[in-house]
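Undergrad: How does the following fold in three dimensions:
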Amino acid sequence: MFKLLFILINIFIFSGCSLKPEIEYNDSVIPTELKNSLDKNSNLEYIQPNWENFVKNDKLKELVKIALENNRDLKIAILNIESARATYRVEKAKYFPSIDAKASNTNARDVTSNNNTEISRTYSAKFGASYELDLFGKTRSLNDSTLQSYLATKYAATSAKISLISEVINIWNTLSSNIEHLKLLQNSIDNLEVASELTQKKFDMGIILIDDVFSSQTSLKETEVNLLNQLTTIEKNKNALELLVSTSIPNDLLPTGFKDTENSLMLIQAGISSKVLYSRPDIIQAEYNLKAKNANIGAARAAFFPSITLTADYGLASNSLSSLFNGGSQTVWSFIPSINLPIFKGGENKANLDYANAQQKIALAQYEKTIQSAFKDVSDALIERANISKQLNAQEDLVNTAQKSYEVALNSYKYGLGTYLNVLVAQKTLFDTQRVLVDTKLNELINRVSLYTSLGGNEKID
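TA: Sure thing, here's the model as predicted:
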């Protein structure tokens, strides 16, 4: 029993030294401030909203909730967390001695000196412990590497969650814009039907040639075909949305047009510090991956040093089962310390160390690239945000002008003061400007989502 106690005491006495190197970051490749900030003089503390605050529309909010509950990709990401957590627990268990209990019964038939046979029986009950002293931090480094990998997996799932939220929002808004495009096409068909009836009447009265009639009918049929194509696009949007939600979507959660979407999302405030990017889950994930690779270097270095294992057994033995646990039994024990000194392994340890060093350098480069990409994402979103309000105002003015031009062209044609070609050109111009206005509104909403995602969201995975 004393020997087992000796092993347990060693757990607390021997604290292995770490052979992990310090991580050397290249600060020159990491930006220190955001470009194109909307309010560079702002001293406001930035608080990234979570998705419940970011999404203002009740229909969309309910749809995001359903997606978070059902989406298969997100479920896989969460299950990966469980897998990584279990792996970490397995690696962490190596900090503690392996203790087991065993019982045995040995029967033997021997020949005695007078050529008689004798059967002997030995019963024993033992428990033992085995523990490797972590003098050079191998177990600690492997455990740390597994821990960092687990944390990286957790933040990878957080990134997946933010990506899912963003995709649901963008497809829902895209569906809304396509429904609005459908309304524009239907309105255009209504206008073309009026114009077609007018040309037919004028032709019947002998005022115009048949060419105008054919032109009006061609434009009407072409727009009707476009409307059918738009219906197909809308159904594809619904299918994409159902794939993300992983279930059928009730009709009352689908948008009916831009009235549902124009105020559906919160606008991120302007005063933003570059420090907020370091809370992006993909950056944190890359940092934990870097730490995991760095810990592997410590484990690879420790392989060059001897490993010491302590093994002990303690128990009882007797010739009969009935006396095993009473005074007729004997105490048996063994204590076996062993040392393994690596001398020559054909360069295996050196190759493993070189591999660990190379992997750490790759992880460091990936970490720096992730930060640079994050700054680019925010910079792009801020550039677009700086001009998008002006674009919306200018496009709305353009639509109003095109509307007036179309009305003038149509009235002139009614009273014989203009050609039908002028009507078609004005009608097409109005339709195109209206479509661009819808697309610009959609881009403005997508830009809000880009700011939400590029600044890291504010989501967690339990």
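Undergrad: which residues does the nearest residue to residue 262 once chain neighbours are set aside contact?
TA: Using CB to CB, 6 or more residues apart in numbering and skipping the chain neighbours, the partner closest in space to residue 262 is residue 441 (6.5 Å). Every residue, glycine included, has its C-beta placed from N, CA and C. Neighbour list for residue 441: 177, 258, 261, 262, 392 [criterion: CB atoms under 8 Å, 6 or more residues apart in numbering].
Undergrad: and the second one, what pLDDT?
TA: To tie it back to what came earlier, the one meant is residue 258. The model reports residue 258 with a pLDDT of 80.
Undergrad: who touches residue 408 in this structure?
TA: Residue 408 neighbours (CB under 8 Å, 6+ apart): residue 426.
Undergrad: Can you tell me the SS state at it?
TA: Classification of residue 408 into helix, strand or coil gives helix, according to DSSP: H, G, I helix; E, B strand; the rest coil.
Undergrad: how much space between it and residue 361?
TA: As defined by CB to CB, to the nearest Å, residue 408 lies at a distance of 69 Å from residue 361.
Undergrad: and if you look at residue 420?
TA: The separation that residue 420 has from residue 361, given CB to CB, amounts to 70 Å.
Undergrad: looking at this, the residue nearest to residue 262 is in a helix?
TA: Yes - with three-state DSSP as the criterion, residue 441 is located in a helix.
Undergrad: Tell me, what's the model's pLDDT at it?
TA: pLDDT at residue 441 comes out at 91.
Undergrad: what's the answer for residue 75, then?
TA: pLDDT, the model's per-residue confidence, is 82 for residue 75.
Undergrad: what's the burial count for it?
TA: Here the number of neighbours of residue 75 (other CB atoms under 10 Å) works out to 14.
Undergrad: Quick one: classify it as helix, strand or coil.
TA: Classification of residue 75 by three-state DSSP places it in helix.
Undergrad: Please enumerate the strands of the stretch 101-250 of the chain.
TA: With DSSP state E, counting those that start in this stretch, the ranges of strands along the stretch 101-250 of the chain come out as 117-133.
Undergrad: Low-confidence stretches in it?
TA: Low-confidence regions of the stretch 101-250 of the chain, defined here as pLDDT under 70, cover residues 101-105, 107-142, 204, 207-209.
Undergrad: about what we covered before: residue 420 and residue 361: which has the busier surroundings?
TA: Neighbour totals were compared for residue 420 and residue 361, and residue 420 leads with 23 against 12 (other CB under 10 Å).
Undergrad: I'd assumed residue 195 was in contact with that one.
TA: Yes - A contact is recorded between residue 420 and residue 195 when judged using CB atoms under 8 Å, the distance being 7.4 Å.
Undergrad: which residues are common contacts for those two?
TA: A shared contact of residue 420 and residue 195, defined by CB under 8 Å, 6+ apart, is any residue touching both; here these are 216, 413.
Undergrad: Tell me who's in contact with residue 160.
TA: Residue 160 makes contacts with 73, 74, 77, as judged by CB under 8 Å, 6+ apart.
Undergrad: Buried subset of these, written for PyMOL?
TA: Applied in PyMOL, the following selects the buried portion of those according to 16 or more other CB atoms under 10 Å:
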select buried, resi 74+77
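Undergrad: Which one of the contacts of residue 160 is nearest to residue 426?
TA: For those, the residue nearest residue 426 by CB to CB is residue 73; the value is 47.9 Å.
Undergrad: Any figure for the gap between the nearest residue to the closest one once chain neighbours are set aside and residue 370?
TA: Using CB to CB, 6+ apart and skipping the chain neighbours, the partner closest in space to residue 73 is residue 160 (6.3 Å). Here residue 160 is placed at a distance of 15 Å from residue 370 (CB to CB).
Undergrad: just for the stretch 251-400 of the chain, where's the confidence low?
TA: Across the stretch 251-400 of the chain, the stretches falling below the confidence threshold (pLDDT under 70) are 269-276, 298-346.
Undergrad: Spell out the residue ranges of the helices in the stretch 351-462 of the chain.
TA: Secondary structure of the stretch 351-462 of the chain by DSSP state H, counting those that start in this stretch: the helices cover 420-454.
Undergrad: neighbouring contacts of stretch 170-190?
TA: Residues lying outside stretch 170-190 but in contact with it, judged by CB under 8 Å, 6+ apart, are 60, 63, 220, 223-224, 226-227, 230-231, 233-234, 237-238, 240-241, 244, 254-258, 260-261, 264, 427, 431, 434-435, 438-439, 441-442, 445-446, 449.
Undergrad: Show me which of the residues you listed are buried.
TA: Among the contacts of stretch 170-190, those classed as buried by 16+ other CB under 10 Å are 60, 63, 220, 223, 226-227, 230, 234, 237-238, 240-241, 244, 254-255, 257-258, 260-261, 264, 427, 431, 434-435, 438, 441-442, 445-446, 449.
Undergrad: counting contacts, what elements does the helix or strand hosting residue 81 pack onto?
TA: When secondary structure is defined by DSSP states H and E, residue 81 falls within helix 72-92. On a contact count with 3 or more CB pairs under 8 Å, 6 or more residues apart in numbering; DSSP states H and E, helix 72-92 meets helix 138-204.
Undergrad: and the helix it packs on with helix 420-454, angle?
TA: Angle of helix 138-204 versus helix 420-454, following axes from the mean of the first three to the mean of the last three CA atoms, to 10 degrees, is 170 degrees.
Undergrad: Who are the contact partners of residue 169?
TA: If a contact means CB under 8 Å, 6+ apart, then residue 169 has 55, 60, 64, 264, 265, 445, 449 as its contacts.
Undergrad: Tell me which of the residues you listed fall in helices.
TA: Assignment to helices by DSSP state H places the following of the contacts of residue 169 there: 60, 64, 445, 449.
Undergrad: TSV for those, including distance to residue 249 and pLDDT?
TA: Converted to TSV, these look like this (distance: CB to CB, whole Å; pLDDT from 0 to 100):
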residue	distance to residue 249	pLDDT
60	11	92
64	12	92
445	19	91
449	19	91
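Undergrad: Identify, from those residues, the entry nearest to residue 86.
TA: The shortest gap between residue 86 and any of the ones in helices among the contacts of residue 169 belongs to residue 64, at 29.6 Å (CB to CB).
Undergrad: List the contacts of the closest one.
TA: Taking CB under 8 Å, 6+ apart as the test, what residue 64 contacts is 51, 55, 165, 168, 169.
Undergrad: how near is it to residue 459?
TA: Distance from residue 64 to residue 459, by CB to CB: 11 Å.
Undergrad: cool, residue 195 as well?
TA: Between residue 195 and residue 459 the distance, using CB to CB, works out to 52 Å.
Undergrad: again with residue 189
TA: Here the criterion is CB to CB. By it, residue 189 lies 44 Å from residue 459.
Undergrad: Ok, residue 75 next?
TA: For residue 75, the distance to residue 459 under the criterion CB to CB works out to 16 Å.
Undergrad: Check the gap between residue 50 and residue 460 for me.
TA: Looking at residue 50 against residue 460, where the rule is CB to CB, the gap reads 9 Å.
Undergrad: again, but for residue 285
TA: Look at residue 285 and residue 460: by CB to CB, they are 14 Å apart.
Undergrad: what does residue 406 give?
TA: Between residue 406 and residue 460 the distance is 52 Å, computed by CB to CB.
Undergrad: What of residue 263?
TA: In this structure, residue 263 and residue 460 are separated by 27 Å, where distance is defined by CB to CB.
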